[in-house]
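Enquirer: need coordinates for the following:
(one chain, ligands or ions: 1)
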Amino acid sequence: MSVLDDIVAGVREDLAARQAQVGESQLLEAAAVLPPALDPLPAFRAPGLSVIAEVKRSSPSKGHLAPIPDPAALAAAYAAGGADAISVLTEQRRFGGSLDDLRQVRAAVSTPLLRKDFVVTGYQLLEARAAGADLVLLIVAALDDALLHDLHQQAGELGLTVLTEVHDEAETERALAVGARLVGVNARNLKTLEVHPEVFGRLAGLLPDDVVTVAESGVTGPDDAARYAAEGAQVILVGEALVKDGDPRGAVAAMRAAAPGGER
Ligand SMILES: O=P(O)(O)OC[C@@H](O)[C@@H](O)c1c[nH]c2ccccc12
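Expert: Modelled structure (predicted):
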């Protein structure tokens, strides 16, 4: 079993427990009283490099990263540093996150929020919207074509923007086939957890100009940010380097400013 299969198996168990507690109708009611989801794409398309800053306590590859006792405070620092979106890991077993983290962050910032998890059913999309998320991640490697299509469509119906994640050429084709508008190239292979920074440049060339491109994983500082931007990234998604930095606000600002035209 690959690491990804193993994570998804745990996600399905935890999901079943939540489904037994909270019905879909309850989630729909909660979502109905919220303001509509925010659209992050105009800011991502604007000149300069955008940063999606991630709230991430641990990871399967690196183990414990940072305790993050107050996710809302961290998110507020990211927003102050100029993050154009904030990603909150909600997977519990390997990443130490929760939907409660997402709700706390939502209460603290007006920046678009990404629910970062391993989405395999429409129920998780409803949970995301009900907790105040504006974006969701769909990992192509974890989904078959039919499910990828259905979840992509369902997310759109909820007003959620989908970040569609790919790691190779075949996944990129599958993402484009369902009409993905925001494509994240993960330098980390979720089946082996190895990071291959050259994957971004290889796949970016396959993406049409109107698709917004996100470089994910392995950004350690402004130099990596500048390299991805030079290879065509409009957005970088950064976790570890930011949660470990004593000055997350300054670290986001420095990454944004690293790319030519980064001052906006
Ligand atoms: O901490 P890093 O190396 O900056 O990576 C962030 C982000 O790319 C990573 O958390 C990630 C990308 N895709 C994912 C899918 C699931 C869980 C996590 C991820």
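Enquirer: show me what contacts the spatially closest residue to Ile68 that is not a sequence neighbour?
Expert: Residue nearest to Ile68 in three dimensions, not counting chain neighbours: Arg57, with 5.2 Å by C-beta to C-beta, 6 or more residues apart in numbering. Backbone N, C-alpha and C define where each C-beta goes, glycine included. Neighbour list for Arg57: 64-68, 89, 95-97, 243 [criterion: C-beta atoms under 8 Å, 6 or more residues apart in numbering].
Enquirer: Pro71 too?
Expert: Here Pro71 is in contact with 55, 88, 101, 104-105 (C-beta under 8 Å, 6+ apart).
Enquirer: ok, so of those residues, who is nearest Thr121?
Expert: Val88 (19.1 Å; C-beta to C-beta).
Enquirer: any idea how many residues pack against the closest one?
Expert: Counted with other C-beta atoms under 10 Å, residues neighbouring Val88 total 30.
Enquirer: may I ask you to confirm that it is in contact with Leu114?
Expert: Yes - using C-beta atoms under 8 Å, Val88 makes contact with Leu114 at a distance of 7.0 Å.
Enquirer: anything in contact with each of those two?
Expert: Ala133.
Enquirer: now, the contacts of Pro71 that are in strands?
Expert: 55, 88 (DSSP state E).
Enquirer: distance to Ala79 added to the contacts of Pro71, as TSV?
Expert: Shown next, in TSV, are these (distance: C-beta to C-beta, whole Å):
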residue	distance to Ala79
Val55	12
Val88	13
Asp101	15
Gln104	14
Val105	10
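Enquirer: who wins for neighbours among the contacts of Arg57?
Expert: Busiest of those [other C-beta under 10 Å] is Leu89, holding 26 neighbours.
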